[in-house]
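Chemist: Got a predicted structure here, sequence first:
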Amino acid sequence: MSTQAPIRRITTTQIASRKGQEPIVSLTSYHAHTAAIVDRYADLILVGDSLGMVMHGMDSTVPVPLDLMIMHGKAVVRGTQRALIVVDLPFGTYEESPQIAFRNAARVMKETGCGAVKLEGGARMAETIKFLVDRGIPVVAHIGLTPQSSHVLGGFKTQGRNQDTWPAHQEDARAVTEAGAFCVVLEGMVEPLAAQISKDIPIPTIGIGASADCDGQILVLEDMLGLNPNPPKFVKTYGDLGAQIETAVKGYAEDVKSRNFPTEDQVYKP
Ligand code: KIV
């Protein structure tokens, strides 16, 4: 019998119970070592499909394959102990039918060991969300600016600028709540709409480019670390990692070129 103490992670019900309480700290992560640092401070870590753009240089999240999400999901689960890990279902793996969504979501949960999946879409995905939740798969919904639909939305456009569109976004929020999502990401939405949705629904809202009144916030880690040369304009940067990496790599290159590396005491002696 194993005597190892089980890892106690933050649960989906603990996240759900944070509605109107202490804000939910969320960040993306795609990599075991950085996830271990994020894990000390974040309640929820998202292995987002933004990894296609951030890690793999894709133009959008549309080409991201399921296997890539699973590979990064495994790395982040391995690197963490405390946070709830949520893995994105990428474009094309859940929209066709609830059954296909279940098959792919179950694969993600089994192979990565994550605690929940996230999918994009409001009212149109409600049936699928209910199907997954009824069968044991916790779901984070994602409404507003949904990057997987950027080709239909006409790009990465802030949603709700025209107040006539608000009822549709509010209906999306209601529909995913009723379907059983335990929280919902509000992305790229005008502030008063996101604030109103946060008041309207009983599940936590997690904002990104939305409103300080959301129940939590999420950012793409590389954006807030200063690694993205063109971050979205709402991103507050907390680091200057791009410049630090540049300095370090430049110093290394200079050392190698001047034969200053490795130093005498670092070489292996026969
Ligand atoms: O893929 C991602 O990083 C996301 C966040 C922007 C919420 O979905």
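Modeler: Yep, that arrived.

Chemist: neighbours around Gly226, how many?
Modeler: Neighbours of Gly226 under the rule other C-beta atoms under 10 Å: 18. Every C-beta, even on glycine, is put in place using the N, C-alpha and C of the backbone.

Chemist: So what's the predicted local confidence for it?
Modeler: Reading off the confidence values, Gly226 has pLDDT 97.

Chemist: cool, Ala179 as well?
Modeler: pLDDT recorded at Ala179 is 98.

Chemist: any idea how far it lies from Pro202?
Modeler: 13 Å (C-beta to C-beta, to the nearest Å).

Chemist: Look at the two and report which has more neighbours.
Modeler: Shown here are Ala179 and Pro202; by other C-beta under 10 Å, Ala179 has more neighbours (21 against 8).

Chemist: next one: the lengthiest helix in the chain to chain centre, how far?
Modeler: Longest helix in the chain, counting residues (DSSP state H): helix 241-257. Its chain's C-alpha centre and that of helix 241-257 lie 30 Å apart, by C-alpha atoms, centre = their mean, to the nearest Å.

Chemist: Residue numbering should commence at 782 henceforth.
Modeler: That works, and once the first residue is 782, the last one we named lands at helix 1022-1038.

Chemist: mind listing the helices for the protein?
Modeler: 793-797, 813-819, 832-835, 847-860, 879-893, 907-915, 931-934, 947-960, 972-981, 1002-1005, 1022-1038.

Chemist: Residues in contact with the last one: which ones?
Modeler: Okay, so that is helix 1022-1038. Glu1003, Leu1006, Gly1007, Leu1008, Asn1009, Pro1010, Asn1041, Phe1042 (C-beta atoms under 8 Å, 6 or more residues apart in numbering).

Chemist: Same question for the third one.
Modeler: Outside helix 832-835, the residues that touch it by C-beta under 8 Å, 6+ apart are 809, 811, 839-842, 844-845, 849-850, 853, 871, 1001, 1003, 1009.

Chemist: Filter the residues you listed down to just the ones in strands.
Modeler: Thr809 (DSSP state E).

Chemist: Produce a ChimeraX select command limited to the buried residues of the contacts of helix 832-835.
Modeler: Of the contacts of helix 832-835, the buried ones go into a single ChimeraX selection, burial set by 16 or more other C-beta atoms under 10 Å:
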select :809,811,839,841,842,845,849,850,853,871,1001,1003,1009
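
Chemist: show me which of the contacts of helix 832-835 neighbour the ligand.
Modeler: Thr809, Val1001 (C-beta under 6 Å from any ligand atom).

Chemist: Closest one of the contacts of helix 832-835 to Tyr822?
Modeler: Taking C-beta to C-beta as the measure, Tyr822 lies nearest Thr809 of those, at 13.4 Å.

Chemist: Can you get me the start-to-end distance on stretch 1009-1026?
Modeler: Criterion C-alpha to C-alpha, to the nearest Å; first-to-last residue distance in stretch 1009-1026 is 12 Å.

Chemist: Give me the buried positions along that stretch.
Modeler: For stretch 1009-1026, using 16+ other C-beta under 10 Å, the buried residues are Asn1009, Pro1012, Pro1013, Leu1022.

Chemist: In those residues, find the pair that's most separated.
Modeler: Largest separation among the buried residues of stretch 1009-1026 by C-beta to C-beta: Pro1013 and Leu1022, giving 16.9 Å.

Chemist: Return the member of the contacts of helix 1022-1038 nearest to the ligand.
Modeler: The ligand lies nearest to Glu1003 out of the contacts of helix 1022-1038, by C-beta to the nearest ligand atom, at 9.8 Å.

Chemist: Hmm, the closest one is touching Asn1009, no?
Modeler: Yes. With contact defined as C-beta atoms under 8 Å, Glu1003 reaches Asn1009; the gap is 5.4 Å.

Chemist: Spell out which residues of this structure are next to the ligand.
Modeler: For the chain, the residues in contact with the ligand (C-beta under 6 Å from any ligand atom) are Thr809, Leu827, Gly829, Asp830, Ser831, Asp869, His923, Val966, Glu968, Ile989, Ile999, Val1001.
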